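1. attaching a predicted model along with its sequence, questions to come.
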Amino acid sequence: MSRLFPLRPKRSKPGWVALCPAAGSPAAVHVLAGGQGRARVLWVEALTTGMDEMERLARSRGLSAYRITTLMPPGSYQLLQMNAPAVPRHEWKEALRWQLKDFIDFPAEQATFDVLDIPTESHAPGRPHMVFVAVARNEQVGEIMARYDRAHLNLQAIDIPELALRNVAALLEDENRGLASLSFDQHGGLLVLTFKGELYASRRIEIPLEQFTGADLERRQTLFERVGLELQRTLDAFDRQYSFISVSRLLLAPRPELSGLLDYLGSSLYVPVDQMDLSQVLDLEACPTLQQPAEQSRHLLALGAALRQESQP
């Protein structure tokens, strides 16, 4: 499974702590990989006041001893799909830097970016090899790193929400089948399509969760139809582009604001639609509140960030 934006490896205690003050539901979570068993969620805390609260949490939890990861806020980066350069893989980044100038509105030399492979060669030989490129301005990445340095936190990775949701989806896939996963927060909907633990497609749905709150029946129906249309278009395009991947189902991360959406999508899409439930794949014994799927969904991206699969330095 590919990762993005590794930073400075240092010795630290096991597991990852994800501090996500800019996520749709700001949260901090500590996850310990389960080896051959399930990953264990050791604790989770909601965040409400940004970095000041993170510094308090760092002291109370002794977080300076742990590997920290965080997420780029939506709107602070781009996730591009580009042709893989016709050079050896270790030269991709250098080759792609000069292609980026056609996709971004700032000089390529001011960009921090990383490359994520889209594995297709073994499934569809002869088709163009594509990659994802996650790119942000140097100054935006630098500001994030500086905030964690000031808090004396061992920030070792910066990720993006698409890969955090991918990390969760990888645990929920049916064997040799693709999976569509959909979550909503204050930034809108995020859909990822995965296969064998890899990200193949993603889409943002520009409907913030708050639009569902208090909407009357007519307005909710309109919102549901917009979501359904976006999903149908994306699934159709995905089927054409990746015909070797059969999507087994769509999982919706439940939120109280989305009441009725699961049933609507189940009746309007051609793939089965189920509720996402992480208790099937994670050890949540230490966090009883997370037994509730809606509570899991509140902290979904932070959980996904802390599921980052990378060997302990």
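-> Cool, got the structure.

2. what element comes up after the helix or strand of the chain with the lowest mean pLDDT heading to the C-terminus?
-> Least confident helix or strand, the chain: helix 51-61 with a mean of 78, by mean pLDDT, DSSP states H and E. Sequence-wise, the next helix or strand downstream of helix 51-61 (DSSP states H and E) is strand 66-71.

3. packing partners for that next one?
-> Here strand 66-71 touches strand 13-20, helix 138-150, strand 155-159, helix 300-306, going by 3 or more CB pairs under 8 Å, 6 or more residues apart in numbering; DSSP states H and E. Heads up, the C-betas are built off the backbone N, CA and C, glycines and all.

4. just name the most buried of those.
-> helix 300-306 (a mean of 30; mean count of other CB atoms under 10 Å).

5. just the C-alpha atoms of it, please, in PDB.
-> C-alpha atoms of helix 300-306 as PDB (Å, rounded to 0.1, in the frame of the first residue of the first chain):
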ATOM      1  CA  LEU A 300     -13.200   8.600  10.400                       C
ATOM      2  CA  LEU A 301     -10.400  10.600   8.700                       C
ATOM      3  CA  ALA A 302      -8.400  10.700  11.900                       C
ATOM      4  CA  LEU A 303      -8.700   7.000  12.300                       C
ATOM      5  CA  GLY A 304      -7.700   6.500   8.700                       C
ATOM      6  CA  ALA A 305      -4.700   8.700   9.100                       C
ATOM      7  CA  ALA A 306      -3.600   6.700  12.100                       C
END
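
6. centre of the chain to that helix, how far?
-> 7 Å (CA atoms, centre = their mean, to the nearest Å).

7. what about residue 32, distance to residue 276?
-> Residue 32 sits 21 Å away from residue 276, going by CB to CB, to the nearest Å.

8. so these two - more neighbours on which side?
-> Comparing residue 32 with residue 276 by other CB atoms under 10 Å, the one with more neighbours is residue 276, at 21 against 16.

9. which SS class is the nearest residue to the more buried one once chain neighbours are set aside?
-> The shortest distance from residue 276 to any residue other than its chain neighbours is 4.2 Å, reached at residue 251 (CB to CB, 6 or more residues apart in numbering). Assigned with DSSP: H, G, I helix; E, B strand; the rest coil, residue 251 falls in the strand class.

10. and if you look at the one 3 residues further on?
-> Secondary structure for residue 254, judged by three-state DSSP, is coil.

11. what sits against it?
-> With contact taken as CB atoms under 8 Å, 6 or more residues apart in numbering, residue 254 is in contact with 262, 275, 276, 293, 294, 297.

12. make it 10 Å
-> By CB atoms under 10 Å, 6 or more residues apart in numbering, residue 254 lies in contact with 183-184, 261-262, 275-277, 292-297.

13. what about burial for these, which qualify?
-> 183, 184, 261, 262, 276, 277, 293, 295, 296, 297 (16 or more other CB atoms under 10 Å).

14. do you know the pLDDT at the nearest residue to residue 266 once chain neighbours are set aside?
-> Nearest non-adjacent residue to residue 266, counting by CB to CB, 6+ apart: residue 273, 4.2 Å away. pLDDT for residue 273: 98.

15. would you mind confirming that residue 273 is in contact with residue 264?
-> Yes: if you go by CB atoms under 10 Å, residue 273 and residue 264 touch, sitting 9.0 Å apart.

16. separation between residue 268 and residue 212?
-> Taking CB to CB, one finds residue 268 at 17 Å from residue 212.

17. neighbour count winner among the two?
-> residue 212 (21 against 15).

18. tell me how far that one lies from residue 99.
-> Applying CB to CB to residue 212 and residue 99 gives a distance of 39 Å.

19. for the chain, just list every one of the strands.
-> 13-20, 27-32, 39-46, 66-71, 78-83, 111-117, 130-137, 155-159, 178-185, 188-195, 198-205, 247-252, 273-275, 282-283 (DSSP state E).

20. what about those strands, which gets the closest to residue 234?
-> strand 198-205 (4.9 Å; CB to CB).

21. so who does the residue nearest to residue 266 touch?
-> Counting by CB under 10 Å, 6+ apart, the residues that residue 273 touches are 180, 182, 231, 249-252, 261-267.

22. and the gap between it and residue 45?
-> Note on residue 273: its distance to residue 45, by CB to CB, is 31 Å.

23. before we move on, what about residue 132?
-> Counting by CB to CB, the gap from residue 132 to residue 45 is 31 Å.

24. more neighbours, these two?
-> A side-by-side neighbour count of residue 132 and residue 45, using other CB under 10 Å, places residue 132 first with 22 against 18.

25. domains in this protein, as residue ranges please.
-> 78-136, 172-278 (automatic domain parsing).

26. these two touch, right, residue 70 and residue 161?
-> No: the pair residue 70 / residue 161 is not scored as a contact, 11.0 Å apart, by CB under 10 Å.

27. follow-up on the earlier one: any idea which of the domains of the chain is most buried?
-> Buried most deeply of these, by mean count of other CB under 10 Å, is domain 172-278, with a mean of 17.
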